[in-house]
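In: okay, sequence plus prediction incoming.
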Amino acid sequence: MTDDLTISEEEADILQEIMNIAFGKAAADLAEIINIMVNLSVPKIAMLQAADLHGYLMGEMDGSQGISVIEQGFWGEFRGSAFLIFQSGAGKELISMLGSDMESAFEAEAADVLERETLMEVGNILIGACVGKVTELLQDVVTYSPPRVIVENKADDVLADGLFDPTYMAIVLKTLFCFNERNVNGLLFLVASQESIAWLKRALCVFMEQYE
């Protein structure tokens, strides 16, 4: 691992604080838009070879259980993929939490379509607010690819071993989230591509200069 592809301890601390702000923004947006309070843990940062991502992600969950995943790419100077991973049964629980508004909006749709649309709605808010705030703080603008939603599948099938180029490095930013008074929780990962790392180091330096 070369120096210019290594995030120092100081840079990791700054990035963690930025992610903390971003995840807080995501929680606030979710509460405002669909009236759901979500608690997010302090984000953790890991720098991995992309070839090791599969094992890392699988180690964060029970691979034998069904999960639902919203995956969305983001593109700018900061680029990569966001993964919002819900435990089994979360989609149906979210429909219940959202109540009649969501049910009436999709009353003509089949139950599986309603579940998919609900997961996508929550995922769009969390991912968009989080990535958007990170890039705003680091003076970047991103665009998003269409989200991919997979409902109730085994983790090992969804998070395939060849998901990323094995020659790449990746920065993984992870937070655990849970919804108040409901048995719904999961993980939010941002996986930044190798192409972003040199830019990210410069952007973190510029970010800190305003406080010196």
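Out: Noted; the coordinates are in hand.

In: mean confidence (pLDDT) on stretch 197-207, please.
Out: Regarding stretch 197-207, the rounded mean pLDDT is 89.

In: what does that stretch rub up against?
Out: Stretch 197-207 has contacts (Cβ atoms under 8 Å, 6 or more residues apart in numbering) with 4-5, 7, 11, 14-15, 18, 77-78, 137-140, 169, 171, 192. In this view, the C-beta of every residue, glycine as well, is placed from N, C-alpha and C.

In: now it: buried residues?
Out: Using 16 or more other Cβ atoms under 10 Å as the test for burial, stretch 197-207 gives Ile197, Trp199, Leu200, Lys201, Ala203, Leu204, Phe207.

In: element containing the fifth one, please.
Out: Taking DSSP states H and E as the definition, Ala203 sits inside helix 194-209.

In: can you name the element that comes right after the helix or strand bottoming out on mean pLDDT in the chain?
Out: Ranking every helix and strand in the chain by mean pLDDT, DSSP states H and E puts helix 100-105 at the bottom, with a mean of 50. Toward the C-terminal end, the helix or strand that comes next after helix 100-105 (DSSP H and E) is helix 111-137.

In: for that following helix, what does the pLDDT average out to?
Out: Computed over helix 111-137, the average pLDDT equals 85.

In: which helices and strands does it pack with?
Out: helix 9-34, strand 66-75, strand 80-87, helix 90-98, helix 100-105, strand 143-144, strand 148-154, strand 185-192 (3 or more Cβ pairs under 8 Å, 6 or more residues apart in numbering; DSSP states H and E).
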